[in-house]
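K.L.:
coords please:
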Amino acid sequence: MASNPTRLEEIPATTSVAADPTFASSAGASATAEAVAAIEDVPPRFGYRWTICALLFAATTINYIDRQVLGILAPTLQRDLGWTETQYGDIVSWFSFAYAFGFLGMGRLLDRVGVRKGFAAAIVAWSLAAMSHALAATAAGFSYARAALGLGESGNFPGAIKATAEWFPRKERALATGIFNAGSNVGAIAAPMLVPWITLAWGWRAAFVATGALGFLWLAFWLALYRRPEQRASAAELAHIRSDPAERTEHVPWLSLLRHRQTWAFFLAKGLTDPIWWFYLYWLPKFLDARWGIKLAAVALPLVAIYLVADVGSVFGGWLSSALIKRGWTVNRARKTALLAAALLIVPTMLAPRATNLWVAVAIVSVAAAAHQWWSANLFTTASDMFPRRAVGSVVGIGGFAGAMGGVLFQRATGRILEATGHNYGIIFMICGLAYVTAWVIMHAIVPRLQPARLDGETAAG
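P.N.:
Below is the predicted model:
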């Protein structure tokens, strides 16, 4: 940040900063000139908003470390505790079930109490829940722990998307979303590196305790650093953040959002594609074990490779649509093009079970995981494209509910399909390959121009 952090409230009252800031040229000209000089002295691209983005990235990383521990330990726990495929599918589905309903409540809570308090409460809840897995000894015990973890972790993405909408103008949101969303892949990379090492040294219970404790370290930084833009941003950065047209701030009735086709487009797209990512997180270690005999000590390398490539996809996908918008493309064309490219890249994942070599399968799944994150960064951003800041948390919560409930169905179905077919993953990967193209077609049919919802006049909505 620059050396002169002049804030908007420090500019004299004779000066006004609008969405496209221009200053009066009458009385107070010298004060105006000073304010302009202060604004021009601070390059907005290096502002405090990127500190906020880094905090969101770290939270998402911890979020995914905590949720992936069970997936990495699944083959070991399944052998030690005697779970069937159906039982395992049911255990992980309880996370998704609680996550679904938590998304609805968290989105609304964040819109009402704000990001700082809401996010802090969420990470305390999910960190305690992650550590509670160490107390479980039965399938029922793990189910309770997974449900508690899902409820707490449901605050991460509504909070991160809302914080992004508060701290970034529309033209930068996809890039910011891509960056913090990349934390999901960093978490997915870190977990297979940490968990086997901790487990082999101190046992699987220690793995849950150690990873769960990370959230409290993040909490200290969050409470120290997060504030509203007008409390931390320089005048130049605040003008940049608020360069979009001014928006109203009152709360939107939750049920009224269901009257808009924009909500349903987001709902259905999340419902069809989020379950695929859940499958990667919870079933890939089991797929590698069943197909190639990859055990706990050896699972890190293929999983790290998959999620490292996925990280690149997340950032590139967010950058792509933002870059196209800066080149003069409409928001609709840029977002839809990025989404379609990602959907097409995922189709070949259907071939993964037929691969005769481990690393061919890893390459196929890596591209699919990268394309999912590419897709996810842009899909999340469409919520802030179509809805004002005052409704974004609720809309993302509704979409998260759809994705998590889809995950409940897909996880339970996966366990039963594997038991019925003798661990044949072909049908499951076929669903994974076609889900995104299907979602893109449905979304385009519902919102062909990605037009913003008009919340203030229900007769003009949708």
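
K.L.:
after the helix or strand encompassing Phe267 comes which helix or strand?
P.N.:
Using DSSP states H and E, Phe267 falls within helix 261-292. Next in sequence after helix 261-292, counting helices and strands by DSSP H and E, comes helix 300-326.

K.L.:
how far does the following helix or strand past that following helix sit from the chain's center?
P.N.:
With elements assigned by DSSP H and E, the helix or strand that comes after helix 300-326 is helix 331-346. Centroid separation for helix 331-346 versus its chain: 17 Å, with C-alpha atoms, centre = their mean, to the nearest Å.

K.L.:
quick one: the helix or strand following helix 331-346 to helix 331-346, angle?
P.N.:
Once the chain leaves helix 331-346, the next helix or strand it forms, by DSSP H and E, is helix 358-386. Interaxial angle of helix 358-386 relative to helix 331-346 (axes from the mean of the first three to the mean of the last three C-alpha atoms, to 10 degrees): 160 degrees.

K.L.:
which other helices and strands does helix 358-386 contact?
P.N.:
Secondary-structure packing of helix 358-386 (3 or more C-beta pairs under 8 Å, 6 or more residues apart in numbering; DSSP states H and E): helix 156-167, helix 170-181, helix 183-202, helix 261-292, helix 300-326, helix 331-346, helix 389-421, helix 426-446. (Each C-beta comes from the backbone N, C-alpha and C, glycine too.)

K.L.:
list the buried residues of that helix.
P.N.:
Of the residues in helix 358-386, 361-386 count as buried by neighbour count, 16 or more other C-beta atoms under 10 Å.

K.L.:
swap in stretch 332-350?
P.N.:
Neighbour counts over stretch 332-350 (16+ other C-beta under 10 Å) mark 332, 334-336, 338-343, 345-347, 349-350 as buried.

K.L.:
swap in stretch 440-460?
P.N.:
Going by neighbour count (16+ other C-beta under 10 Å), the buried part of stretch 440-460 is Trp440, Ile442, Met443, His444, Ile446, Val447, Leu450, Ala453, Leu455.

K.L.:
just stretch 70-90 next, same as before
P.N.:
Neighbour-count burial for stretch 70-90 flags 70-78, 83, 85-90 (criterion: 16+ other C-beta under 10 Å).

K.L.:
cool, stretch 411-422 as well?
P.N.:
Buried residues in stretch 411-422, defined by neighbour count with 16+ other C-beta under 10 Å: Gln411, Arg412, Ala413, Thr414, Gly415, Ile417, Leu418.

K.L.:
what of stretch 138-154?
P.N.:
Neighbour counts over stretch 138-154 (16+ other C-beta under 10 Å) mark 139, 142-154 as buried.

K.L.:
from these, which two are the most distant?
P.N.:
Pairwise distances across the buried residues of stretch 138-154 (C-beta to C-beta) peak at 22.6 Å, for the pair Ala139 and Ser154.

K.L.:
could you list the low-confidence segments of the stretch 301-450 of the chain?
P.N.:
Scanning the stretch 301-450 of the chain for pLDDT under 70 picks out no residues.

K.L.:
do the stretch 1-150 of the chain as well
P.N.:
Counting by pLDDT under 70, the stretch 1-150 of the chain shows low-confidence ranges at 1-45.

K.L.:
switch to 90 and redo it
P.N.:
Within the stretch 1-150 of the chain, the stretches with pLDDT under 90 are 1-47, 75-76, 78-84, 99-114, 137.

K.L.:
just the strands in it please.
P.N.:
For the stretch 1-150 of the chain, strands defined by DSSP state E, counting those that start in this stretch do not occur.

K.L.:
for stretch 206-220, the averaged confidence score.
P.N.:
Averaged across stretch 206-220, the pLDDT comes to 96.

K.L.:
ok, and what's touching it?
P.N.:
Under the contact criterion C-beta atoms under 8 Å, 6 or more residues apart in numbering, stretch 206-220 has outside partners 55, 58-59, 62, 65-66, 69, 73, 120, 123-124, 126-134, 191, 194-195, 198-199.

K.L.:
now the residues you listed: which count as buried?
P.N.:
Neighbour-count burial (16+ other C-beta under 10 Å) applied to these gives 55, 58-59, 62, 65-66, 69, 73, 120, 123, 126-134, 191, 194-195, 198-199.

K.L.:
isn't Asn185 right up against Phe316?
P.N.:
No. The criterion here is C-beta atoms under 8 Å, and Asn185 misses it with Phe316 at 12.0 Å.

K.L.:
name the residue in those two with the higher neighbour count.
P.N.:
Set Asn185 next to Phe316 and count neighbours by other C-beta atoms under 10 Å: Asn185 wins out with 27 against 18.
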